[in-house]
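[1] This is a predicted model, with the sequence first.
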Amino acid sequence: MRVFSFLKTLLQALNPTRVFNQIFELVRKLNPIKIIEQSLRIVVLLLVAFILYSHQAEINHIKSETGIIREIPFDAFAQVEVGVLINSPPDGGESFEFTSVGSGMLIDYKDGISTILTADHVCNPPPLDHWYGLVGRQNIEKTISITSYYGNIVEAEVVLNDTEYDLCLVRAEVYWTIPVDISSVPPRVGEKIYNVASPTGFFYPGMVPILEGRYSGDLGYSQDYDSVYSVYTRRGSSGSAVLNSHGEIIGIIHSAIGDLSHVGIASTWQELNDFILTYEVFFY
C-alpha cells in the first residue's frame, strides 16, 4: 500500500499534462520543418560536392591517358631547304637546278651553333644519287639553308646522317630559341601526339601548323620498323618532329601514304635514340 501511495504522490507532483505541454512547446520552438529543410540542404550540398569530385577525378584520369601538353615548342621549328645545281648534264645541255623543302626541329645549341634534326632525304634528296652516278659528285653543287620560326635565314651543313633511319642533323650559326629534348621513354599505342610541320611547304615566319594525332604503333619486318601516327602528312612534312604530351620528340616524320593524308610514317623512338646517341658520342 505504501508503494502505491508513493507512486500516486509522485504522479501528482510530476503533473503529466504540464510535462506534455512543455515537451510540445519545446518541439514547436524547434520548428521541425526548418530542421528538415536544413538537413535536406546539407544532403544536397554533400551530393553536389561528391559529383564534382568524381567528375574532376575522371577528368584527371582522361588527362593522364590522353596527355595535355602545357606548351608546344612550336618556335623551335625550322624549315630546311636544299638547293641542287647540276653542271654538265650528260646530254650536253645547260646546267639546271632543283630544290627540296622539308621541316626540322632545333635540338641543340652550343658555342653559337644550332643543331637541327630533320629527315635524311630532306638533306639528301633522292634524285641526288641518280645524278651522282650520271655526272659525278664534282659536277654537283648542293646548298642547305634553314629558316627559323622567327624568319632567320642562314646557311647550314650536314654534320650527321643515317640513310637507314632516314635521319639527319644540320648545323647553322644562329640562335633563336631553346632546343627541344628527346624523350627518354617510347610512346604508348593510343597516346595523343603533336606535330609541328609545314605540309606542302605551308609556313611563314611566326606561323607554323600545329597538328594533333595519335600513336598507332609500329610496322615493318625484321629489324626495319617504322612508327605510324594518325596525323596530317604531306610533302613538306618530312623531317618534322612528333612530340609527346611533355613537348619531347618521340619520332621524325619521313613518309606519307598516298590518299591517306591523315597518316604519317616516322622513325621509331628506338631509331631516334640510337641516332642521337651517335651524335652525342661524336660531338660531346
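    Ah, there it is.
[2] quick one: contacts for the residue nearest to Asn195 when sequence neighbours are not counted?
    Of all residues not flanking Asn195 in the chain, Leu211 sits nearest, at 4.3 Å (CB to CB, 6 or more residues apart in numbering). C-betas here are computed from N, CA, C, even on glycine. Leu211 makes contacts with Tyr194, Asn195, Val196, Ala197, Val231, Tyr232, as judged by CB atoms under 8 Å, 6 or more residues apart in numbering.
[3] and of the residues you listed, the nearest to Ile107?
    Val196 (12.7 Å; CB to CB).
[4] Need phi/psi at the closest residue to Ile257 other than its chain neighbours.
    Leaving aside its sequence neighbours, Ile257 sits nearest to Val263 (CB to CB, 6+ apart; 5.1 Å). The phi/psi pair for Val263 (degrees, to the nearest 10) reads phi -130, psi 130.
[5] Val263 reaches Ser237, doesn't it?
    No: counting by CB atoms under 8 Å, Val263 stays clear of Ser237, with 11.2 Å between them.
[6] After the strand or helix carrying the residue nearest to Asn195, which helix or strand is next?
    Leu211 is part of strand 210-221, with elements assigned from DSSP states H and E. Following strand 210-221 in sequence order, the next helix or strand is strand 224-229 (DSSP H and E).
[7] Distance-wise, check Leu260 relative to Val122.
    Separation of Leu260 from Val122 (CB to CB, to the nearest Å): 21 Å.
[8] for Lys110, same thing?
    22 Å.
[9] The two: who's more crowded?
    Val122 (28 against 11; other CB atoms under 10 Å).
[10] For the more buried one, report the pLDDT, please.
    Note for Val122: predicted pLDDT of 96.
[11] Double-check it against Gly102; I have them as touching.
    Yes: look at Val122 against Gly102 with CB under 8 Å: they come within range, at 3.3 Å.
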